[in-house]
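Q: prediction below, plus the sequence it came from.
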Amino acid sequence: MGARAQYVVVESGAWQRYYSHWAANRVVDDLLPGPAAATRCFRANREIDEWLDDVWCEGAALVDHDRRILLWFASPDDWADHRAARAVLARTWPGWDVRFAHDGMGDLTHHLGLDRDLTRRPGWFEPFEPSGFADSEYPEPCSVVSLRLPDGSVRAWGSDWEPIEHLAAGPGLIDLLAASPATPVLTDMPYGGVHLDPQARTVSLWAVQTVAGIHNWPLPRWENWTLDFRGVDHTEQARTLPADFPFPHLPLTAALRRLSDGLGTPPPDNGPLLARAMAVSGPEGTAPVVNPAALVAHEPADPTPAELARLRTALDELVAGAEAG
C-alpha cells in the first residue's frame, strides 16, 4: 500500500537518499517551486541508506547541485500533464539541465556512477510471442505504433500496449501489424509511440513515461536493429504518420490550470484509508499489519513567498501563451 518515492540530493561531492511512502504522485508538485524548495522538501522526509527497486519505486527525483542536473520520473500522467510540467520546470529551474528519467531508477543510479541494473527487478524484460494485435478494450490507446511497408507507405494503429511492450513482442509483431485492421482516429494524445522500419531495420520510440531498460539496447530479439530513442519528442513520428491518422493538436491550457489550482494543496490524509484496511479480517483469523512507513505522512514542498510568486508568474505566463495559441 502506498505510492513510494525516492529522492536523491547531490551536493559538494556527496549524495544522500530520502524516502516518502506516499509521494509518487506528488513528485511534480514538490519540484515545481524550484531547486531550493525541492531540496528542502526532500531533506524534510526520511533519510535512508538503501535503494528502492523498479517494482516499489513509483516516482523519484535526483537533484545534483554540483552539476545543476535534475532527473525525475513520476506516476503516469497523460501527455498534456507531462508536457505542462516540463514547461513549468523549464522556467522554475533556470540554468538547470532538466531531464525525464526514462530508465526509471536506472537513470538515477547511472548518474551516480553505479550500475543501471542495481535496482532492476528480476525478469524486468520478458519477451513474448504476440498472438494478435489491435484488440482494443479502451476508448483511447496507450500508444501508437506505425509501420513502414515495403512500398514505402506507412500505416498506423492505436495500441493498448505500453511502448516497451511492442519491443517485448519482438520483430514478429511486424507481420501481425501488417495484417491488422485499421483502428479509430486519435482524439487524445497517447503516452508514447513506436515506429518500425523493417527495410532500414530501425525502431524509433518516444514516451512521456518510463520505459525501463531502453538503454540496454539491443534488447532480446532486436539484434542487428538500430534504436532511435526520441525521449519525449513525438514530432518525428508525427511527421511519419499517414495523413488520415494524425496526432491531435491539444492545447496545454487545461493541464497548466490543473497545476495552478493544485498549488498549496496538502497531501491527502491517508488515516481513513489505513483504518479501513485494518478493519478487514484476514484469512483464518489473521490480523492485517500496516507497514510503519505508511503511518509517516509526506512532507510536501513549502516554498517561500518569493519562490511561490515566481512559480505563479511562470504558470500565469504559460497559461496566457497557451490561450493565445
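A: On my side now, so go ahead. Numbers count the residues shown, from 1 in each chain.
Q: need the pLDDT of R91.
A: The model reports R91 with a pLDDT of 97.
Q: one more: P130?
A: For P130, pLDDT reads 85.
Q: ok now do the closest residue to it other than its chain neighbours, which residues does it touch?
A: In space, P130 comes closest to A169 once its chain neighbours are excluded; the distance is 4.3 Å by Cβ to Cβ, 6 or more residues apart in numbering. Quick note: C-beta positions are derived from backbone N, CA and C, even for glycine. If you count contacts by Cβ atoms under 8 Å, 6 or more residues apart in numbering, A169 has them with 127-130, 161.
Q: buried subset of those?
A: 130, 161 (16 or more other Cβ atoms under 10 Å).
Q: can you flag which of the contacts of A169 belong to strands?
A: Among the contacts of A169, no member is found in strands (DSSP state E).
Q: can you list the contacts of A169 in a markdown table and add distance to P300?
A: Formatted as a markdown table, the contacts of A169 follow (distance: Cβ to Cβ, whole Å):
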| residue | distance to P300 |
| --- | --- |
| P127 | 41 |
| F128 | 40 |
| E129 | 45 |
| P130 | 43 |
| W161 | 34 |
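Q: for E317, state which of the contacts of A169 is nearest.
A: Closest approach between the contacts of A169 and E317, by Cβ to Cβ: W161, at 37.4 Å.
Q: next, give phi and psi for the closest one.
A: phi -80, psi 150 (degrees, to the nearest 10).
Q: and it, what's its pLDDT?
A: Per-residue pLDDT puts W161 at 91.
Q: for the stretch 101-250 of the chain, which spans come out with low pLDDT?
A: 123, 134-138 (pLDDT under 70).
Q: what about the strands in it?
A: Here the stretch 101-250 of the chain has its strands, by DSSP state E, counting those that start in this stretch, at 143-148, 154-159, 192-197, 202-207, 226-229.
Q: how is this protein carved up into domains?
A: Residue ranges for each domain of the chain read 5-123+293-321, 143-240, as given by automatic domain parsing.
Q: which among these is found nearest to L256?
A: Per Cβ to Cβ, nearest to L256 of those: domain 5-123+293-321, 4.8 Å.
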